[in-house]
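[1] predicted structure and sequence below. I'll ask about it afterward.
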Amino acid sequence: MTDKFRVRFAPSPTGELHVGNARTALFNWMFARHHKGTFILRIEDTDETRSALAYQVNLLSDLQWLGLDWDEGPHKGGAYGPYKQSERLAIYAEHLKKLEKANLVYPCYCTEEELEEERQALILSKRMPRYLGKCRDLTAKQRREKEAAGRKPSFRFKVPELIIEFTDLIRGTMKFDSAAIGDFIIVRSNGMPAYNFAVVIDDFLMDITHVIRGEDHLSNTALQIMLYQAFGFMPPVFAHHSLILGRDRAKLSKRHGSVSVGEFRSQGILPAALMNYLGLLGSSFTEAREILNREEMIADFSLERASKSGAVFSEEKLRWLNAVYIRQSSADDLLEMLHPFLKEAGIDTSLLNVDKLNPIIDLVKNDITTLAEIGSNINIFFDEKYSMSSEAKHVLEKEGALNVVKTFAAYLQETNAADSDLYPAGIKYVKEKTGAGGRDLFMPIRAALTGKVHGPELDKIFALIGKDATLKRIKAIL
């Protein structure tokens, strides 16, 4: 095994990238970057009925969007490929023969119905559901009879009697009694390798030094260690991090709301914000810091500080963090990320001057928590998008409100003041003429200018809208 740290993220393309899996990828990526090691992406696509090319394309896109660049894998290549399990079937077949030759596996002809019947019987008798070895000692004649009847065998590993023990970097010493583990399938009846069989072979042949994954794989590790021993392979170091939980402390799932990276992308979460938040879950950075850039996260990452207990996913916390990242972003960077959201809002950025857009983005970025909110916040700066909300109409229906607006318009029409002085001088003029102050002064003007009752500071809005557009809007209202 190499002296250089080598870790892998090995997803199955059977659905969209779950934030829990993205967090596993992030932990592996940070570990590799922290130790100047290698981060490998391997696609585990042997589940033919559930794997789909579209999921694989989205998976790669989501990882790239997050900034989790891999050193070996799809589109990168490497000395340990191929990096898709469907292209490694000959390797698995060769290793199955090795176990057959050592008499460590046997063909199993049990049907799904028979296995389920056995499982239910064990549950009813309050015993651990596991395979009891029905086909383990079949004679050659009995096997031929099964095959003559059209039954295609799967292959099961002969589980020896032993205590399986390993040291987990996060959880310490872990022990499993093989008596609770039935002979498990390593190759399915369709010839495809089972997860635990393929992953052991791949991790060994790819020189993986550390396997970092969720605690739901702990029981798989016991099975895999038996296979490592059967092959005479040196197992890697294991680290099983906690899972992401919903508010009810159950494993995070769709019933809790958005759970995929793609969903958060479409909502306008920034990749840096999602990466930062996933890094915080079940982990802690020094000095209890919450906002860290990529370089700081890499430098500060430590498996020893990873929590053993589940971390509750909070969309509210993620959106708060996202708002921080939006405020800290430059207008140029935001504009690049905002293009699809502006297009969805009906704003063609190709027709607008960047010099016009950037000051607007700089102003409204303090009032949005996601990029998807840009449409409702930027519309006030475009006459064709301007509309009056019911709350703004209610403000203008109050006694004295229209008089405030009329007086402000009258000042704008009559004055020759410089553009920079228009707003403060106009407010002073209205206050003197109408006696209005506070909300009675500012709310009617905000409602007239923007069609809303909330938003950025009025003087900055007026500076971007300008005198002519303001008068046009007030005239329409009056």
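    Perfect, thanks for sending it.
[2] list the beta-bridge partners for residue 245.
    With beta bridges defined as DSSP bridges, residue 245 has these partners: residue 251, residue 312.
[3] quick one: it and residue 252 touch, right?
    Yes - assessed by Cβ atoms under 8 Å, residue 245 is found in contact with residue 252 at 5.9 Å. Yep, even glycine has a C-beta here, placed from its N, CA and C like the rest.
[4] show me where the stretch 201-350 of the chain has helices.
    Remark: helices assigned in the stretch 201-350 of the chain by DSSP state H, counting those that start in this stretch are 218-231, 261-266, 271-280, 294-300, 315-328, 331-344.
[5] what residues are shared contacts of residue 245 and residue 252?
    By the contact definition Cβ atoms under 8 Å, 6 or more residues apart in numbering, residue 245 and residue 252 are jointly contacted by residue 313.
[6] measure residue 177 to residue 52 for me?
    Remark: distance between residue 177 and residue 52 (Cβ to Cβ, to the nearest Å) = 38 Å.
[7] kindly report the same for residue 456.
    For residue 456, the distance to residue 52 - Cβ to Cβ - is 44 Å.
[8] same check, this time on residue 261
    Distance from residue 261 to residue 52, by Cβ to Cβ: 17 Å.
[9] neighbour count winner among the two?
    Between residue 261 and residue 52, residue 261 has the larger neighbour count (other Cβ atoms under 10 Å), namely 26 against 13.
[10] for the helix or strand where residue 411 lies, buried residues please.
    Using DSSP states H and E, residue 411 sits in helix 401-414. Neighbour counts over helix 401-414 (16 or more other Cβ atoms under 10 Å) mark 401-402, 404-409, 411-412 as buried.
[11] residues making contact with the helix or strand following it?
    Where DSSP H and E defines the elements, the next helix or strand beyond helix 401-414 is helix 419-434. Around helix 419-434, the neighbours that count as contacts under Cβ under 8 Å, 6+ apart are 400, 403-404, 407-408, 411-412, 415, 417, 436-437, 441-442, 445, 458-459, 462-463, 466-467.
[12] hey, what's the angle from the very next helix or strand once past helix 419-434 to helix 419-434? Just curious.
    Using DSSP H and E, the helix or strand that follows helix 419-434 in sequence is helix 439-450. Going by axes from the mean of the first three to the mean of the last three Cα atoms, to 10 degrees, helix 439-450 is angled at 130 degrees with respect to helix 419-434.
[13] okay, buried residues for helix 439-450 please.
    Buried-residue list, helix 439-450, by 16+ other Cβ under 10 Å: 440-441, 443-450.
[14] one more: stretch 238-255?
    238-246, 252.
[15] need the max-distance pair from these.
    Spatial extent of the buried residues of stretch 238-255 (Cβ to Cβ) is set by the pair 238 and 246 at 26.2 Å.
[16] for residue 177, give me its contacts.
    Taking Cβ under 8 Å, 6+ apart as the criterion, residue 177 is in contact with 163-164.
[17] what does it show for phi and psi?
    Note on residue 177: backbone dihedrals following degrees, to the nearest 10 are phi -100, psi 120.
[18] equivalent analysis for residue 42, please.
    The phi/psi pair for residue 42 (degrees, to the nearest 10) reads phi -130, psi 130.
[19] report the contact partners of the nearest residue to it once chain neighbours are set aside.
    Distances taken as Cβ to Cβ, 6 or more residues apart in numbering place residue 10 nearest to residue 42, at 4.3 Å, with adjacent residues excluded. Contact analysis of residue 10 by Cβ under 8 Å, 6+ apart lists 41-44, 199, 202.
[20] and which of these is nearest residue 331?
    For the contacts of residue 10, the nearest to residue 331 is residue 41 (33.8 Å; Cβ to Cβ).
[21] beta partners of that closest one?
    Beta-bridge partners of residue 41, counted by DSSP bridges, are residue 9.
[22] measure it to residue 8 for me?
    Using Cβ to Cβ, we find residue 41 at a distance of 7 Å from residue 8.
[23] which of those two has more residues huddled nearby?
    residue 8 (28 against 25).
[24] ok, back up a step: packing partners for the helix holding residue 411?
    For helix 401-414, the elements it packs on are helix 390-396, helix 419-434, helix 439-450, helix 467-477, judged by 3 or more Cβ pairs under 8 Å, 6 or more residues apart in numbering; DSSP states H and E.
[25] which of these sits most buried?
    Mean neighbour counts were taken over the helices and strands packed on helix 401-414 using mean count of other Cβ atoms under 10 Å, and the top value, a mean of 21, falls to helix 439-450.
[26] got the CA positions of that helix in PDB?
    Extracted C-alpha coordinates of helix 439-450, given in PDB (Å, rounded to 0.1, in the frame of the first residue of the first chain):
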ATOM      1  CA  ARG A 439     -43.200  56.400   8.700                       C
ATOM      2  CA  ASP A 440     -45.800  58.900   7.600                       C
ATOM      3  CA  LEU A 441     -43.200  60.600   5.500                       C
ATOM      4  CA  PHE A 442     -41.100  57.700   4.200                       C
ATOM      5  CA  MET A 443     -43.600  54.900   3.700                       C
ATOM      6  CA  PRO A 444     -45.800  56.600   1.100                       C
ATOM      7  CA  ILE A 445     -42.700  57.600  -0.900                       C
ATOM      8  CA  ARG A 446     -41.300  54.000  -0.700                       C
ATOM      9  CA  ALA A 447     -44.600  52.600  -1.700                       C
ATOM     10  CA  ALA A 448     -44.800  55.000  -4.700                       C
ATOM     11  CA  LEU A 449     -41.200  54.500  -5.800                       C
ATOM     12  CA  THR A 450     -41.000  50.700  -5.400                       C
END
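[27] what's around residue 400, how many residues?
    13.
[28] ok, now which ones touch it?
    Here residue 400 is in contact with 434, 436, 440, 444 (Cβ under 8 Å, 6+ apart).
[29] assess the claim that residue 227 and residue 184 are in contact.
    No - counting by Cβ under 8 Å, residue 227 stays clear of residue 184, with 9.4 Å between them.
[30] these two: who's more crowded?
    residue 227 (22 against 18).
[31] roughly how far apart are that one and residue 348?
    Residue 227 sits 58 Å away from residue 348, going by Cβ to Cβ.
[32] just residue 275 next, same as before
    31 Å.
[33] check residue 391 too.
    With Cβ to Cβ as the criterion, residue 391 and residue 348 are 29 Å apart.
[34] residue 277 now?
    For residue 277, the distance to residue 348 equals 33 Å [Cβ to Cβ].
[35] just residue 6 next, same as before
    Noted for residue 6: a distance of 48 Å to residue 348, by Cβ to Cβ.
[36] cool, residue 184 as well?
    Applying Cβ to Cβ, the value for residue 184 to residue 348 is 58 Å.
[37] same question, residue 442
    According to Cβ to Cβ, residue 442 and residue 348 sit 33 Å apart.
[38] same check, this time on residue 337
    Using Cβ to Cβ, residue 337 is found at 17 Å from residue 348.
[39] and residue 397, how many neighbours?
    When counting by other Cβ under 10 Å, one arrives at 10 neighbours for residue 397.
[40] same thing with residue 89?
    The burial count for residue 89: 14, using other Cβ under 10 Å.
[41] coming back round to it: CSV for the contacts of residue 400, including pLDDT?
    Putting the contacts of residue 400 into CSV (pLDDT from 0 to 100) gives the following:
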residue, pLDDT
434, 94
436, 91
440, 94
444, 95
